[in-house]
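Q: just to be clear, the model below is a prediction. Sequence and coordinates:
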Amino acid sequence: MKVQEFTAEQTAHPGYDLCIVGGGIIGVLTAYQAAIAHPSIRIALIDRGEFGLGASHYAAALSSTLASTGLVGELSSESDRFYLHLARENPTLPIRQLPIIYVGDSSDPIPDTTRTITEVKPDDPRFSLPLSQLTNAHRLLYGGDVMHIEPLGLIKSLVRKLQAFANVTCLEYTGIESAQIMPDETLWLNTNRVFGINAERVLLALGPWSLSHQMTRSSVEVSCRNKKIVTMRLDVSPTANCPVIFFPKEDAFLLPTDEQFLFSIRSDEWDIQPDQKLLISDADRHNGRIILERYAPNLLDYYDDRDVFCDCYSSNSEPVIIPHNRFSKVFIATGGNGRGVRLAPAIARMALTKLIPTSNYIQNSY
């Protein structure tokens with residue numbers, strides 16, 4: 001591969017031992033864990049826009065005891081421990097625990113969860129359920145507490161911490177346009193700014209942009225597709241002891257926040273481009289209304305549509321952490337399957353162990 005000649009201005013930016021491209025929750029947590037585990041290596045975290053304003057910003061960011069595969073269950077439990085550790089270190093972080101109730105018909109199979117679940121009655125005094133249509137034909141299962149993270153607030157807080165590390169550089173509005181191998185086998189990243197970035201190792205954590213970026217699409221297009229994610233907002237205030245309400249059969253949930261409910265519903269629109277104007281379709285609104293009519297017609301008057309985005313889904317519902325098909329010492333982390341925030345700490349740890357095999361980051365250190 002021919003190596004381009006660079007001016008003194010272009011090569012003025014210092015080299016890095018690890019460059020993480022993508023400032024969403026996975027990229028930021030990878031940088032954070034690397035900075036703690038390896039305080040002597042030079043780390044760069046870069047994003048083409050502002051940190052946290054991509055797919056992570058739109059995520060409902062709710063963990064769940066449901067797991068599509070055994071690995072997803074393990075990664076979810078690991079990530080929950082990590083988030084609890086962060087919350088204990090800094091109680092002001094936007095991380096909270098909420099009880100979760102699974103709701104379905106009494107004839108439905110019991111959900112396969114990572115924890116013990118127990119049957120509860122609609123009038124259980126521990127919970128205030130906003131579901132006016134519950135009957136004896138429904139089954140309610142209590143699944144313990146789950147994590148809810150406000151992604152943008154957490155990302156901004158962690159970036160501030162990273163900026164305090166002497167060995168970490170955080171660069172916003174820095175897009176990667178191409179890459180090439182240097183004579184010393186390091187990678188040169190050509191940016192949209194006046195400088196390039198030289199890196200020993202690179203993690204590309206681009207979320208749904210992995211399927212459109214020229215550096216990643218050929219590596220992931222066989223095993224991944226982008227799918228639309230829809231979140232409605234119900235402008236009614238939840239009561240103080242309202243749990244998360246999950247509808248396993250419909251793959252939907254109601255998440256109480258301080259002022260309203262977030263209502264996440266399944267969408268089956270595939271091959272979405274993250275930079276296109278995404279709209280909630282009539283089919284999305286209809287599917288949401290059917291769920292509310294079945295369980296909570298009292299909430300229909302508050303039904304509103306606000307947030308729609310997409311995420312990268314893998315063929316086996318597990319995160320994708322793979323080597324680049326052209327560049328050595330470059331890995332790609334994507335395939336959050338709509339659970340990127342939920343699994344991000346574990347995905348970051350897995351990516352680090354591939355990038356830095358001698359990593360002293362220990363999975364069960366928290």
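A: Nice, thanks for sending it over.
Q: just give the number of residues close to the nearest residue to Ser317 once chain neighbours are set aside.
A: Leaving aside its sequence neighbours, Ser317 sits nearest to Ser68 (C-beta to C-beta, 6 or more residues apart in numbering; 4.3 Å). Glycine gets a C-beta too; all of them are placed from N, C-alpha and C. Using other C-beta atoms under 10 Å, Ser68 has 14 neighbouring residues.
Q: wasn't Ser68 part of a strand?
A: No - assignment of Ser68 by DSSP: H, G, I helix; E, B strand; the rest coil gives coil, placing it outside any strand.
Q: how close does it sit to Gly144?
A: 19 Å (C-beta to C-beta, to the nearest Å).
Q: surely Val230 meets Ser264?
A: Yes - under the contact definition of C-beta atoms under 8 Å, Val230 touches Ser264, with a separation of 7.1 Å.
Q: settle it for me: which of the two has more neighbours?
A: Just comparing Val230 and Ser264: by other C-beta under 10 Å the higher neighbour count belongs to Val230, 26 against 23.
Q: what sits against that one?
A: 264-267, 280, 284, 288, 305, 307-308 (C-beta atoms under 8 Å, 6 or more residues apart in numbering).
Q: let's see 7 Å
A: With contacts defined as C-beta atoms under 7 Å, 6 or more residues apart in numbering, Val230 is in contact with 265, 267, 280, 284, 308.
Q: what pLDDT does it get?
A: Model confidence at Val230, expressed as pLDDT, equals 91.
Q: what residues are bridge-paired with it?
A: Ile265, Val308 (DSSP bridges).
Q: about what we covered before: how much space separates the residue nearest to Ser317 from Tyr313?
A: Taken as C-beta to C-beta, the span from Ser68 to Tyr313 is 11 Å.
Q: quick one, what contacts Asn298?
A: Applying C-beta under 7 Å, 6+ apart, the residues near Asn298 are Ser132.
Q: rewinding a little: what's the closest of the contacts of Val230 to Ile155?
A: Distance to Ile155, by C-beta to C-beta, is smallest for Val308 among those, at 20.5 Å.
Q: hang on, isn't that closest one packed against Gln276?
A: No - judged on C-beta atoms under 7 Å, Val308 makes no contact with Gln276 at a distance of 10.9 Å.
Q: average pLDDT for stretch 284-302?
A: 91.
Q: circling back to that earlier point, how near is the residue nearest to Ser317 to Asp112?
A: For Ser68, the distance to Asp112 - C-beta to C-beta - is 9 Å.
Q: and Pro94, by the same measure?
A: Distance from Pro94 to Asp112, by C-beta to C-beta: 29 Å.
Q: so between these two, which is more surrounded?
A: Pro94 (16 against 12).
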